[in-house]
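**Q** Just need the structure, nothing else, for what follows:
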Amino acid sequence: MNSPLHRVLDALRIIDNTPWRTQSDQNDRFEVNIMQTMAAKEAKIHFGELMDTVQREPVSIKKYGRDVAVVMSAEAYRQLKLERLRARLSIGELQLDRGNAVDGRTFFQELEQSKP
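**A** Model (predicted):
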């Protein structure tokens, strides 16, 4: 399938073996695979193990039963940033295809506002 939704979702995929990749069914409902979770206290006690684990997959850190952080490898983070940029470019291509262009100044202002 190559619908606009699928193009954007393809652009958002990080790498094939990440635990948060999506899979669609025939009705275009998407299921997100859950990543490994660790309690904050456990992460502190087993920090070395946590660092080893995040080289393979991101780990969600919980405190008092609530997600408070996600730890990932530097490479996964770089890939995430790259894929975010690709997704924005894909959305821009779709807008251009529809004739919905935005001038450069507005684009860069919106880009600056979306920085974490």
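
**Q** From now on I want contacts and neighbour counts done on CA atoms only, so please keep to that.
**A** Fine.

**Q** and Arg105, how far is that from Gly92?
**A** 14 Å (C-alpha to C-alpha, to the nearest Å).

**Q** which one of these two has more residues nearby?
**A** Gly92 (16 against 9; other C-alpha atoms under 10 Å).

**Q** so what's Gly65 closest to, chain neighbours aside?
**A** Closest residue in space to Gly65, ignoring its immediate chain neighbours: Ala39 at 7.9 Å, by C-alpha to C-alpha, 6 or more residues apart in numbering.

**Q** Could you report the separation of that neighbour from Ala74?
**A** Using C-alpha to C-alpha, one obtains 21 Å as the distance from Ala39 to Ala74.

**Q** how many neighbours does the residue nearest to Thr37 when sequence neighbours are not counted have?
**A** With C-alpha to C-alpha, 6+ apart as the criterion, Thr37 has its nearest non-adjacent residue at 4.6 Å, and that residue is Ser60. Per other C-alpha under 10 Å, the neighbour tally for Ser60 reads 21.

**Q** Cross-check the contact I'm expecting between Ser60 and Thr53.
**A** No. Using C-alpha atoms under 8 Å, Ser60 is not in contact with Thr53; the gap is 11.2 Å.

**Q** where's Ile91 relative to Ser114, distance?
**A** On the measure of C-alpha to C-alpha, Ile91 and Ser114 end up 15 Å apart.

**Q** More neighbours: which of the two?
**A** For Ile91 versus Ser114, neighbours defined as other C-alpha under 10 Å are more numerous around Ile91 (17 against 8).

**Q** The more buried one - that's part of a helix, no?
**A** Yes. Ile91 sits within a helix when classified using DSSP: H, G, I helix; E, B strand; the rest coil.

**Q** How much space separates it from Asn100?
**A** Distance from Ile91 to Asn100, by C-alpha to C-alpha: 11 Å.
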